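Q: Predicted coordinates and the sequence they were generated for:
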Amino acid sequence: MLVLLFCIGFIANVIGTLAGGGGLISLPTMLLIGMPVHSAIGANKVSNTLSTLSNFYSVFKRKEVTLIEVTPILLLCFIGGLIGGELASLFSGDELTFIAILFLFFAFILSFLGKTDFGENLQLTIRKKTAALLVSVGMYDGLFGPGSGTLLLYIYANEKIAYMKAVVLGRIGIFATCFGAAIMYVSSGQILWVETLSLAAGSILGSQLGILLARKISAQQAKYLLRLITAILIIQLAIDYFVK
């Protein structure tokens, strides 16, 4: 099972880095092999914290981001993740799935209206609306998770951020949300550490490969990839919600 978890982490983070949706692979698979739901979500949060931290180190070393520009993102997403992790026990799985479907469907429609196309901007301006959206995605990620990376990419695309920069900022946002949520899951004693660390090892390698691949993808290719992953996420979540 540990080898399987390593492979799950690797594949999920390659996809998750490029377009989000890594939880589409990792969370259902962990539930399928018998992990308790909160332990599976907690394992995702801890492994994503470690894998995105490795991305953060890589891009910071290459001077693709500065601490000054990412600090607001870190704080807003961390606060959201912390709140979401605290509120997780108040919502049922069906309620969280329905919320995810609504968010993703709305983002999917906006992408066809040209509202969420990647641009050329390399600097994100944190306006009130952007700040509120980052906290909201952070809360959702702390509560549930699948699709949060995709939603972050849509936020950055709406601000006309260049694709590679959006990927970098997206991974930094996921680090903050997962770190906030992971604190809550670890403190609750629901983490299965051997399984979680196996997942994390694969996640770190997968996220590094994802960053390398992202540098070779054009904005147009990224738009189509993002739509594809969003459509798959919506279908997967809809099946989980409606088919019992």
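A: Thanks, I have the structure now.
Q: can you list contacts of the lowest-mean-pLDDT helix or strand in the chain?
A: For the chain, using mean pLDDT, DSSP states H and E, the weakest element among its helices and strands is helix 93-112, scoring a mean of 80. In this structure, residues lying in contact with helix 93-112 by CB atoms under 8 Å, 6 or more residues apart in numbering are 37, 116-117, 140, 143-144, 146-147, 150-151, 154, 157-158, 223, 226-227, 230-231, 233-234, 237-238, 240-241. Using the backbone N, CA and C atoms, a C-beta is placed for each residue, glycine as well.
Q: residues contacting the residue nearest the centre of the chain?
A: With distances taken as CA atoms, centre = their mean, the residue of the chain nearest its centroid is residue 149 (2.9 Å). For residue 149, the contacting residues are 16, 17, 19, 20, 21, 22, 23, 170, 171, 174, by CB under 8 Å, 6+ apart.
Q: what's the spacing between residue 142 and residue 18?
A: Between residue 142 and residue 18 the distance is 23 Å, computed by CB to CB, to the nearest Å.
Q: Looking at those two, which is more packed in?
A: The residue with more neighbours, out of residue 142 and residue 18 and counting by other CB atoms under 10 Å, is residue 142; that gives 32 against 25.
Q: list the contacts for that one?
A: Contacts for residue 142 (CB under 8 Å, 6+ apart) come out as 45, 80-88, 177, 180-181, 184.
Q: Okay, strands next: where are they in the protein?
A: For the chain, applying DSSP state E gives no strands.
Q: So which residues of the chain form helices?
A: 2-19, 23-32, 37-61, 67-87, 93-112, 128-143, 148-158, 163-187, 193-214, 219-242 (DSSP state H).
Q: For the second one, buried residues please.
A: For helix 23-32, the buried set under the neighbour-count rule, 16 or more other CB atoms under 10 Å, comprises 23, 24, 25, 26, 27, 29, 30, 31.
Q: tell me the angle of that helix relative to helix 93-112?
A: In terms of direction (axes from the mean of the first three to the mean of the last three CA atoms, to 10 degrees), helix 23-32 departs from helix 93-112 by 160 degrees.
Q: which residues sit against helix 23-32?
A: Here helix 23-32 has contacts from 4-5, 8-9, 11-12, 15-16, 37, 40-41, 43-44, 47, 145-149, 195, 199, 229, 232-233, 236, 240, using CB under 8 Å, 6+ apart.
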